[in-house]
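Asker: got a structure for you, letters missing:
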């Protein structure tokens, strides 16, 4: 019996269209305005420095200020999983959620499953490429209200990339649980493979448009 139920977000608990058709366009639209008005905040300044450093390493080029903003916009369009971008997107989305411009999408089967897990005295964790801040916003301002009290752990790429076995071993260490005590749910087979190689139980979420894989699959958490 699993002790920790670990969830991906996009395509698992949340419709990927919400992320790509609502959140990403919003951050693209607001990025320049937000950076210009918050560039002196330490967390923003550090993120901009990381963009400059990454570009220097990858392209051998030092960006000037307006080029940093254009690079961030380019990364949004190409879905770059860069920590600095994810940090800034989370800050921008914070404004959108707090203004009531949108709510975090969750599939209808998510809350009932969360309640079942908690009633069985098990715990819930989230592991997404989006920042922990962004994760808490989706669940904190969700269409079903604030679900963050249900969630004991939030992990982002600070523990490693999601297709890397070591990332799941790091999660095991941080939760002080053996990998076999953790059950990971995702719509991405490569993530499931990495988690399984680390020793976790895995289930493939087959939401609409998701192709079957070699892993055990479900279309809804109601099937469990």
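Answerer: All right, it came through fine. Remember, predicted model here, so these are calculated numbers, not experimental data.
Asker: would you agree residue 6 falls within a strand?
Answerer: Yes - when DSSP: H, G, I helix; E, B strand; the rest coil is applied, residue 6 is found to be in a strand.
Asker: ok, which stretches of the protein are strands?
Answerer: Secondary structure of the chain by DSSP state E: the strands cover 4-7, 123-127, 153-155, 182-186, 201-205, 217-218.
Asker: now distance to residue 135 and mean neighbour count too, for those, in JSON lines please.
Answerer: For the C-beta atoms, the positions are set from N, CA and C on the backbone; glycine is no exception. Formatted as JSON lines, the strands of the chain follow (distance: least, C-beta to C-beta, whole Å; neighbours: other C-beta atoms under 10 Å):
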{"stretch": "strand 4-7", "distance to residue 135": "10", "mean neighbour count": "24"}
{"stretch": "strand 123-127", "distance to residue 135": "5", "mean neighbour count": "22"}
{"stretch": "strand 153-155", "distance to residue 135": "5", "mean neighbour count": "19"}
{"stretch": "strand 182-186", "distance to residue 135": "14", "mean neighbour count": "24"}
{"stretch": "strand 201-205", "distance to residue 135": "17", "mean neighbour count": "20"}
{"stretch": "strand 217-218", "distance to residue 135": "22", "mean neighbour count": "16"}
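Asker: let me have those strands in a markdown table, extended by mean pLDDT and distance to residue 98.
Answerer: Compiled in a markdown table, these are given as follows (pLDDT from 0 to 100; distance: least, C-beta to C-beta, whole Å):
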| stretch | mean pLDDT | distance to residue 98 |
| --- | --- | --- |
| strand 4-7 | 98 | 24 |
| strand 123-127 | 98 | 20 |
| strand 153-155 | 98 | 19 |
| strand 182-186 | 98 | 29 |
| strand 201-205 | 98 | 29 |
| strand 217-218 | 98 | 34 |
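Asker: columns distance to residue 93 on top of these, output as TSV?
Answerer: Formatted as TSV, those follow (distance: least, C-beta to C-beta, whole Å):
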stretch	distance to residue 93
strand 4-7	19
strand 123-127	15
strand 153-155	15
strand 182-186	22
strand 201-205	23
strand 217-218	29
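Asker: next one, pLDDT for the residue most central in space within the chain please.
Answerer: Residue closest to the average C-alpha location in the chain (C-alpha atoms, centre = their mean): residue 128, at 2.7 Å. Residue 128 carries a pLDDT value of 96.
Asker: so which of the strands of the chain is nearest residue 176?
Answerer: Closest to residue 176 of the strands of the chain is strand 4-7 (C-beta to C-beta; 10.1 Å).
Asker: quick one: strands adjacent to the closest one?
Answerer: strand 123-127 (parallel), strand 182-186 (parallel) (DSSP bridges).
Asker: contacts for it?
Answerer: If you take C-beta atoms under 8 Å, 6 or more residues apart in numbering as the criterion, strand 4-7 is touched by 13, 117, 122-127, 152-153, 171, 175, 177, 181-186, 195, 200.
Asker: with stretch 12-28 instead?
Answerer: Taking C-beta under 8 Å, 6+ apart as the rule, stretch 12-28 contacts 7, 9-10, 73, 76-77, 79, 88-89, 92-93, 96, 101-102, 104-107, 110, 130, 138, 185-187, 205, 207.
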